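*Asks:* Got a sequence here, can you build the structure:
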Amino acid sequence: MKILIIEDENDIASFVKKGLQAEHFTVDVAANGKDGIYLGLTNDYDLVVLDMRLPDIYGLEVFKKIREGKPKLPIMILTVESEVKKKVEAFDLGVNDYLTKPFAIEELIVRIRALLNRNNLDGSLTILKIGDLEMDLKTHEVKRGDKKIDLRHREFDLLEYLIRNPNIVMTRSMILEHVWDMNVDPFTNTVDVHIRYLRKKIDDDFKKKLIKTIHGSGYKISTD
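*Replies:* Numbers count the residues shown, from 1 in each chain. From the prediction side, this is the model:
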């Protein structure tokens with residue numbers, strides 16, 4: 001899953017990014033409100049972590065802009081502003097959660113998972129399945145039938161993205177945008193390489209192939 005951090009303090013942004021990446025999230029960082037609004041509206045994120053005191057635009061104004069364009073996108077505030085009236089104002093506007101600095105990365109991760117769970121309307125956040133393939137998003141265990149499959153971080157993210165979009169052709173650019181961060185080279189062949197690695201692990205030993213190549217378009221996962 002992909003998260004956007006809008007935070008101008010580099011130490012905090014790096015700390016949060018490292019903590020989230022250790023939990024297998026893909027993370028982008030914006031250092032100001034203008035860039036945060038642009039990324040939030042143009043890219044596909046599952047959640048936004050937003051600071052209030054940005055150098056150019058106040059955080060709640062950034063929130064309003066992103067929420068206007070992405071009404072269902074969960075947004076949580078991470079700020080030094082601990083006054084009750086600030087929290088009330090934020091929640092009245094529709095902010096999903098509010099955590100004050102200093103904070104423990106463990107608490108931030110728990111709150112993020114709670115928001116993602118709450119936003120997961122089909123209830124499939126913990127266990128994803130297609131055919132006889134199953135992945136557990138909490139334990140990061142993957143198995144097909146009775147066979148356990150070891151996946152690297154990016155392979156796991158790629159498989160999760162495909163399973164969340166079954167029977168839908170995902171272009172290489174769509175996969176790059178959601179599974180990799182914004183620093184990836186858009187002309188790289190990394191998607192094809194990782195699809196090949198993933199196929200070897202989840203398809204090669206099975207008669208039924210799940211990952212399909214749609215020539216000239218991209219890839220999809222399907223039991224057809």
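
*Asks:* When you work out contacts or count neighbours from here on, use the C-alpha atoms and nothing else.
*Replies:* Will do.

*Asks:* So what does residue 142 look like in phi/psi?
*Replies:* phi -130, psi 140 (degrees, to the nearest 10).

*Asks:* Just give the closest residue to it, not the sequence neighbours.
*Replies:* In this structure, residue 142 finds its nearest non-sequential neighbour in residue 135, 4.4 Å apart by C-alpha to C-alpha, 6 or more residues apart in numbering.

*Asks:* that's a strand at that neighbour, yeah?
*Replies:* Yes - Residue 135: assigned to a strand according to DSSP: H, G, I helix; E, B strand; the rest coil.

*Asks:* isn't residue 175 right next to residue 191, touching?
*Replies:* Yes - Residue 175 is in contact with residue 191 according to C-alpha atoms under 8 Å; the separation is 7.3 Å.

*Asks:* related to what we said a few turns ago, could you verify my assumption that the residue nearest to residue 142 touches residue 129?
*Replies:* Yes - applying C-alpha under 8 Å, one finds residue 135 in contact with residue 129, separated by 6.5 Å.

*Asks:* hang on, the earlier thing: so for the residue nearest to residue 142, what's the pLDDT?
*Replies:* In this model, residue 135 is scored at 92, pLDDT.

*Asks:* and it, how many residues sit next to it?
*Replies:* Neighbourhood size, residue 135 [other C-alpha atoms under 10 Å]: 22.

*Asks:* more crowded one of residue 175 and residue 191?
*Replies:* residue 191 (21 against 17).

*Asks:* So residue 54: helix, strand or coil?
*Replies:* Three-state call for residue 54 (three-state DSSP): coil.

*Asks:* Now do the strand or helix carrying residue 162: distance to the chain's middle.
*Replies:* For residue 162, the element it lies in under DSSP states H and E is helix 153-163. The chain centroid and the centroid of helix 153-163 are separated by 11 Å under C-alpha atoms, centre = their mean, to the nearest Å.

*Asks:* residues making contact with the helix or strand following that helix?
*Replies:* Downstream of helix 153-163, the next assigned helix or strand under DSSP H and E is strand 170-171. Here strand 170-171 makes contact (C-alpha atoms under 8 Å, 6 or more residues apart in numbering) with 162, 217-220.

*Asks:* ditto for stretch 50-70
*Replies:* 5-8, 31-34, 36-37, 40-41, 73, 75-79, 81, 90, 93, 95.

*Asks:* Domain-wise, how is this structure divided?
*Replies:* Domain segmentation of the chain under automatic domain parsing yields 2-119, 127-221.
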